[in-house]
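[1] predicted model, plus sequence, below.
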Amino acid sequence: MIEAEPELLDAEVNDLRSLATALTGYTVSIDHERIFELWLWRGDQPPLLVTSDSRDIVFKFEVFTLAIQSPSRAQRASEQQEAAKCAIDWPFLEWQVDVLWIRDWSAPLEVMPDGWHTSSEAQRFGAVPLGADHTCLVAKALLFTEANGQRLIVDQGEMPLELYVMTDSQLIDHGLSGAMPMPLDDYLAGAVPTIQDYMATSHNRSN
């Protein structure tokens with residue numbers, strides 16, 4: 001099995017740092033009942049535009065992460081103005097930001113174990129079915145958590161190039177299945193998750 005280099009969020013360091021303190025609101029852009037982009041408002045700072053970002057690892061193995069960019073005012077001025085009219089106040093006063101990692105993989109259909117996708121093994125971070133030919137760690141989502149436990153997740157949807165933006169706890173728990181949360185500061189310091197990290201985190205959550 002070939003292990004590809006980790007795929008990171010497409011974002012500038014300062015823009016990522018601002019996610020921990022500067023957010024004042026957000027707007028979801030919907031087309032045909034699918035969220036295709038998210039505007040994050042930062043008060044007097046330029047907003048950030050979040051979209052899904054696809055990466056080709058090898059032929060027939062594509063992974064998805066997030067692109068978090070400050071849009072060109074010249075290119076997106078009218079869209080930005082329309083999005084601002086639909087802004088929702090940021091729901092938290094103080095919050096923690098985690099980057100969610102998964103270990104994605106590719107495997108020929110003929111070697112996939114029966115029932116793998118619904119098995120308990122498949123819900124663990126880092127699990128890869130026997131017969132997988134490529135695997136890749138992917139920083140694929142953002143989780144915002146207030147001190148009182150309320151959460152908001154920005155994640156990949158079920159279809160390519162769509163997003164989930166959710167505050168429902170049950171849906172968020174589903175989105176966390178198989179993912180490893182990493183504090184934003186650790187991510188910015190260049191940390192990459194391991195199975196041992198996941199097991200320690202799972203043990204702490206269960207106690």
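    Done, it's in. What you are looking at is a predicted structure, and each value in this text was computed from that prediction instead of being measured. Numbers count the residues shown, from 1 in each chain.

[2] could you look up the SS state of residue 114?
    coil (DSSP: H, G, I helix; E, B strand; the rest coil).

[3] burial check on it, number of neighbours?
    5 (other Cβ atoms under 10 Å). Bear in mind the C-beta positions are built from the backbone N, C-alpha and C, glycine included.

[4] and stretch 148-156, what's buried?
    For stretch 148-156, the neighbour count (16 or more other Cβ atoms under 10 Å) marks 151, 152, 153, 154, 155, 156 as buried.

[5] contact partners of it?
    38, 50, 52, 64-66, 91-92, 100, 140-145, 162-167, 169, 172, 175-176 (Cβ atoms under 8 Å, 6 or more residues apart in numbering).

[6] identify those among the residues you listed that sit within helices.
    Those of these mapping onto helices are 169, 172, 175, 176, per DSSP state H.

[7] OK, contacts around the third one?
    Listed by Cβ under 8 Å, 6+ apart, the contact partners of residue 175 are 100, 141, 153, 155, 164, 166.

[8] return the per-residue confidence for the last one.
    Translated: residue 166. On pLDDT, residue 166 comes in at 94.

[9] what about it, how many residues nearby?
    Neighbours of residue 166 (other Cβ under 10 Å): 17.

[10] distance of it from residue 41?
    19 Å (Cβ to Cβ, to the nearest Å).

[11] would CSV of the buried residues of stretch 148-156 with distance to residue 46 and pLDDT be doable?
    What follows is the buried residues of stretch 148-156, written out as CSV (distance: Cβ to Cβ, whole Å; pLDDT from 0 to 100):
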residue, distance to residue 46, pLDDT
151, 26, 97
152, 21, 97
153, 24, 97
154, 18, 97
155, 24, 94
156, 25, 85
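
[12] pull the most distant pair out of the residues you listed.
    151 and 156 (16.7 Å; Cβ to Cβ).

[13] just give the nearest non-adjacent residue to residue 127, would you?
    residue 121 (5.2 Å; Cβ to Cβ, 6 or more residues apart in numbering).

[14] I'd say the one you found and residue 130 touch.
    No - with contact defined as Cβ atoms under 8 Å, residue 121 does not reach residue 130; the gap is 10.4 Å.
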